[in-house]
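>>> Attaching a predicted model along with its sequence, questions to come.
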Amino acid sequence: MNRLIILGMFLLTGALFSCGSDSSGASSSGKSTFGGTISDAANVTVHFEQFNMSRANHIVGSTQLDENGNFEIALPEGFESALYRMRLGASKVIFPTVGSESDIRIKGDLNSLKNYSFELTGSTHASKYVNVLQSWKAGKITIPNLPGELESLDPVSAMAAAISIGGKSKGFLNLHEATYDRLQGGEMQSGYRLDYANYINSIKNPPAPKAQPVQQQRRRPASKFNVGDVAPDIALSSPDGKRYSLADLKGKVVLLDFWASWCGPCRRENPAVVKVYDKYKDQGFTVFSVSLDGSTDRWKKAIAQDKLAWPYHVSDLKKWGSAPAKQYGVSSIPKTFMIDREGKIASIGLRGAHAIENELKKIL
């Protein structure tokens, strides 16, 4: 729910900025375009939206990327002074415009969009905003330097960036209050002041959590097995036809990882698994990956792209009909099981490098 509220604070339309010129230049016909190239997103549908809080999100245009990840969306009415969002599946990118842009282009990789690691041209205003978020997510901006970076943005863009970066963490309350103070003059910013004030107030005075009925508090079993159970063996073939068995790895600490090339959350989690593997692979740790793919080619391509360097990759290529997934009671992916040197399950459902590493240190 908090994420929806946060998005709502971003997603505003109307006259956001003064009707000045942008170095990209305005279209004499009033028609504009938004397009570009997103690699690793062939044939995915992209939606380009303009948002506000008072009525439903407005889709400006949608189209399917071609086999090379190229797309083009025509905007007959041109850009407005607003915040826009590009949406491809679970990946979303927000940026501001001043209304004078004629052609905005984006170039990047689908898996890197969440980190704003892409190139945006055609609007100096939007590029400036994107660069600040990109630098923050890359760790190039420290918290002490953050207020100065937001000062370089217009007040509304600074507000959107502050919410994206700090969310409702009380540690960023001073940043929000300083940003709010900039939303003072001008009729075009007045609509944001009340919304942002309410947002800041919800940080100072968070609502008490609602008590859930007892039946909703009971957690469903994470799998068919519990911590301490012996992990059943899995013996299947790799993409190259070599047969690997989980039981053969007894004596090592193993992260049993259920994933698939078509699973966005799995692909976003892979760098964390790679990070831990690279750090502990010489200390008796490895990964045994079970893919719920149906295509050997896509499976092999994902292994190479995500740099999953361990040799233990297996699948029966039956997607959700996967026998190991049924055996372990896996109903969603990514799903992990940490298995100790004795072949027993030590933990279930670890996500993120920090969580995996913490559990690994206990049993190495």
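The structure has been received and is ready for your questions.

>>> make it CA atoms for all contacts and neighbour counts henceforth
Noted.

>>> Break this structure down into its domains, please.
2-204, 221-363 (automatic domain parsing).

>>> Same list (those domains) but as CSV, adding mean neighbour count.
Below are the domains of the chain laid out as CSV (neighbours: other C-alpha atoms under 10 Å):
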stretch, mean neighbour count
domain 2-204, 17
domain 221-363, 17
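
>>> Can you tell me which of these has the worst average pLDDT?
Least confident of the domains of the chain, judged by mean pLDDT, is domain 2-204 with a mean of 80.

>>> Sketch out the helices for the chain, chain order is fine.
2-10, 124-137, 146-151, 155-166, 173-181, 187-204, 214-217, 264-280, 296-305, 323-328, 353-363 (DSSP state H).

>>> Show me the one of those that comes nearest Ile339.
helix 353-363 (9.2 Å; C-alpha to C-alpha).

>>> just the angle between that closest one and helix 264-280, please?
Here helix 353-363 runs at an angle of 40 degrees relative to helix 264-280 (axes from the mean of the first three to the mean of the last three C-alpha atoms, to 10 degrees).

>>> mind checking how far helix 353-363 is from the chain centre?
Centroid displacement of helix 353-363 relative to its chain, using C-alpha atoms, centre = their mean, to the nearest Å, is 23 Å.

>>> Could you list every helix and strand in contact with that helix?
helix 264-280 (3 or more C-alpha pairs under 8 Å, 6 or more residues apart in numbering; DSSP states H and E).

>>> cutoff 10 Å now
strand 253-259, helix 264-280, strand 335-339, strand 345-348 (3 or more C-alpha pairs under 10 Å, 6 or more residues apart in numbering; DSSP states H and E).

>>> I'd like those as a markdown table, with distance to Glu359 appended.
Output for the helices and strands packed on helix 353-363, formatted as a markdown table (distance: least, C-alpha to C-alpha, whole Å):
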| stretch | distance to Glu359 |
| --- | --- |
| strand 253-259 | 10 |
| helix 264-280 | 11 |
| strand 335-339 | 8 |
| strand 345-348 | 8 |
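
>>> Skipping its backbone neighbours, what lies nearest Arg243 in space?
Nearest residue to Arg243, sequence neighbours excluded (C-alpha to C-alpha, 6 or more residues apart in numbering): Ser237, at 4.1 Å.

>>> what does Glu357 give?
Val276 (6.4 Å).

>>> That neighbour reaches Ile356, doesn't it?
Yes: with contact defined as C-alpha atoms under 10 Å, Val276 counts as touching Ile356 (7.3 Å).

>>> shared neighbours of the two, which are they?
Between them, Val276 and Ile356 share no contacting residue under C-alpha atoms under 10 Å, 6 or more residues apart in numbering.

>>> picking up where we left off before, what's the residue nearest to Glu357 in contact with, if anything?
Phe285, Thr286, Val287, Gly352, Ala353, His354, Ile356, Glu357, Leu360.

>>> ok, so of the residues you listed, who is nearest Gln305?
Checking the contacts of Val276 against Gln305 by C-alpha to C-alpha gives Val287 as the nearest, at 16.9 Å.

>>> Pull the contacting residues for the closest residue to that closest one other than its chain neighbours.
Spatial nearest neighbour of Val287, chain neighbours left out: Leu255 (4.7 Å); criterion: C-alpha to C-alpha, 6+ apart. Counting by C-alpha under 10 Å, 6+ apart, Leu255 touches 273, 277, 285-289, 336-340, 345-348, 350, 356, 360.

>>> Bridged to Leu255, which residues?
Applying DSSP bridges to Leu255 yields these beta-bridge partners: Val287, Met338.

>>> List just the nearest of the contacts of Val276 to Gly321.
Looking across those and measuring by C-alpha to C-alpha, the closest to Gly321 is Val287, at 22.1 Å.

>>> how close does the closest one sit to Leu308?
Distance from Val287 to Leu308, counting by C-alpha to C-alpha, to the nearest Å: 9 Å.

>>> ditto for Glu72
Taking C-alpha to C-alpha as the measure, Glu72 falls 33 Å from Leu308.

>>> And Phe337, by the same measure?
From Phe337 over to Leu308 (counting by C-alpha to C-alpha), the distance is 17 Å.

>>> what do you get for His47?
Relative to Leu308, and taking C-alpha to C-alpha, His47 is found at 31 Å.

>>> returning to that earlier point: list the residues that are in contact with both of Val287 and Leu308.
Joint contacts of Val287 and Leu308 (C-alpha under 10 Å, 6+ apart) are Val273, Val274, Tyr277.

>>> CSV please, covering the residues you listed and showing distance to Tyr244.
Putting these into CSV (distance: C-alpha to C-alpha, whole Å) gives the following:
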residue, distance to Tyr244
Val273, 20
Val274, 20
Tyr277, 18
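
>>> Find the residue at the geometric middle of this structure.
Lys114 (4.5 Å; C-alpha atoms, centre = their mean).

>>> Is the residue lying closest to it once chain neighbours are set aside bridged to anything, and to what?
Among residues not flanking Lys114 along the chain, Ser91 sits closest, at 6.3 Å (C-alpha to C-alpha, 6+ apart). Judged by DSSP bridges, the bridge partners of Ser91 are Leu88.

>>> Contact partners for the residue nearest to Leu83 when sequence neighbours are not counted?
Distances taken as C-alpha to C-alpha, 6+ apart place Pro96 nearest to Leu83, at 4.3 Å, with adjacent residues excluded. For Pro96, the contact set (C-alpha under 10 Å, 6+ apart) comprises 10, 13, 16-17, 80-85, 123, 125-130, 156-157, 160.
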